[in-house]
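K.L.:
coordinates only, sequence not included:
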């Protein structure tokens, strides 16, 4: 399986930056105290909310892409959104990242190398950088407030990036959507809003992996252009789950009432358990800080009542979200391992759904849209010889 070289370099640079980069931002250490000054330090202004005037980022600028192929090698694409990789330095810094924030970009590269790479065998990978919100700042707010902020700056960028991709890069190829956590939340904006406003685009969606973020039955009812997966082979479907320990009793900030879930090992939506021996392999961080394949680590059972996936065979103390995140993620949350535990199952499933799609659509997938502008074949912004991780 090919790897993203720049991402692996970032892993080496960050060292203990493990998990996804964003989990390391939640620490129990206090921020360095500010020097006493006579001048008053202004707090950062609130990010724009949904409905306010927001200028989106320019996705004709190659530097605003985490990944964009210089050569088309597959008949399908993968459009990917990274999870939270940005954290405020202090209360005076903005809760929303700038598009060129080096910390966010480094964390996004780690995700691409260690988690998103599960899908790189399924197509040409397109992954935009997008301005995102600090999770610690966002997830302490009410669900209503969260929606107002995520539908502000992050959504503006994601919609602009996907629109640019469809009009300038996609060339009518079928595609897979992949996102985790905040990135998965943004995928829902694409599926529910962009697809609805751009009829026909959803017909080319092979599958959407909305991981570490709930998808509800009500959302499916309100958006008939997509439907939830019922097995390993259906296409045009949404795959979603949040992973927890058997004794998990809290409420995840990424969970919504009426959540749906599918088992990432046996691809069932009922409570039929899948053993760790059935798992094709996990890709987890070891004690040395490196990621490696581990067999027989994680089982999976869908808790249909709560719409969660329960894993009972992993070491909870080792793999649950860090203690420093406890105000947001209750004990027993495996949020940072939603992909890691089932990495090779997700990889095989994406390949399988792609094969199923092309079996049902043997013709017409490579036609050129007359309204589409030619794809720009510019060098990737994540070339390791050009980008320095700060």
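P.N.:
Looks like it arrived, so ask away. Fair warning: this is a prediction, and the values are worked out from it, not measured in the lab.
K.L.:
Could you list the low-pLDDT ranges of the stretch 201-350 of the chain?
P.N.:
Within the stretch 201-350 of the chain, no range satisfies pLDDT under 70.
K.L.:
go again using 90 as the cut-off
P.N.:
By pLDDT under 90, the weakly predicted segments of the stretch 201-350 of the chain are 287-289, 327.
K.L.:
So which residues of the protein form helices?
P.N.:
Assigned by DSSP state H, the helices in the chain fall at 5-14, 102-114, 135-138, 143-150, 153-164, 182-189, 195-197, 217-222, 316-319, 343-360.
K.L.:
what pairs with residue 178 across the strands?
P.N.:
With DSSP bridges applied, the residues forming beta bridges to residue 178 are residue 80, residue 209.
K.L.:
residues in contact with it?
P.N.:
78-81, 116, 119, 187, 208-209, 211 (C-beta atoms under 8 Å, 6 or more residues apart in numbering). Every C-beta, even on glycine, is put in place using the N, C-alpha and C of the backbone.
K.L.:
out of those, which one sits closest to residue 280?
P.N.:
Using C-beta to C-beta, residue 119 comes nearest to residue 280 of the contacts of residue 178, at 14.4 Å.
K.L.:
I figured that closest one hits residue 211, correct?
P.N.:
No - in this structure residue 119 lies outside contact range of residue 211 using C-beta atoms under 8 Å: 10.7 Å.
K.L.:
before we move on, the earlier item: going by mean pLDDT, which of the helices of the chain comes out lowest?
P.N.:
Lowest mean pLDDT within these: helix 5-14, a mean of 36.
K.L.:
now stretch 129-141, how far from the chain's geometric center?
P.N.:
13 Å (C-alpha atoms, centre = their mean, to the nearest Å).
K.L.:
correction: stretch 279-286
P.N.:
Taking mean C-alpha positions (C-alpha atoms, centre = their mean), stretch 279-286 and its chain are 18 Å apart.
K.L.:
If you rank the contacts of residue 178 by neighbours, which is first?
P.N.:
residue 81 (32 neighbours; other C-beta atoms under 10 Å).
K.L.:
which one is that residue nearest to, not counting chain neighbours?
P.N.:
Residue nearest to residue 81 in three dimensions, not counting chain neighbours: residue 183, with 3.3 Å by C-beta to C-beta, 6 or more residues apart in numbering.
K.L.:
how many other residues sit next to that neighbour?
P.N.:
Residue 183, neighbours per other C-beta under 10 Å, totals 28.
K.L.:
circling back to that earlier point, just put the helices of the chain in CSV and tack on distance to residue 279.
P.N.:
Output for the helices of the chain, formatted as CSV (distance: least, C-beta to C-beta, whole Å):
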stretch, distance to residue 279
helix 5-14, 23
helix 102-114, 18
helix 135-138, 28
helix 143-150, 32
helix 153-164, 31
helix 182-189, 21
helix 195-197, 32
helix 217-222, 27
helix 316-319, 14
helix 343-360, 6
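K.L.:
For residue 307, find the nearest of those helices.
P.N.:
Closest to residue 307 of these is helix 217-222 (C-beta to C-beta; 8.8 Å).
K.L.:
Could you give me the buried positions within that closest one?
P.N.:
By neighbour count with 16 or more other C-beta atoms under 10 Å, helix 217-222 contains the buried residues 219-220.
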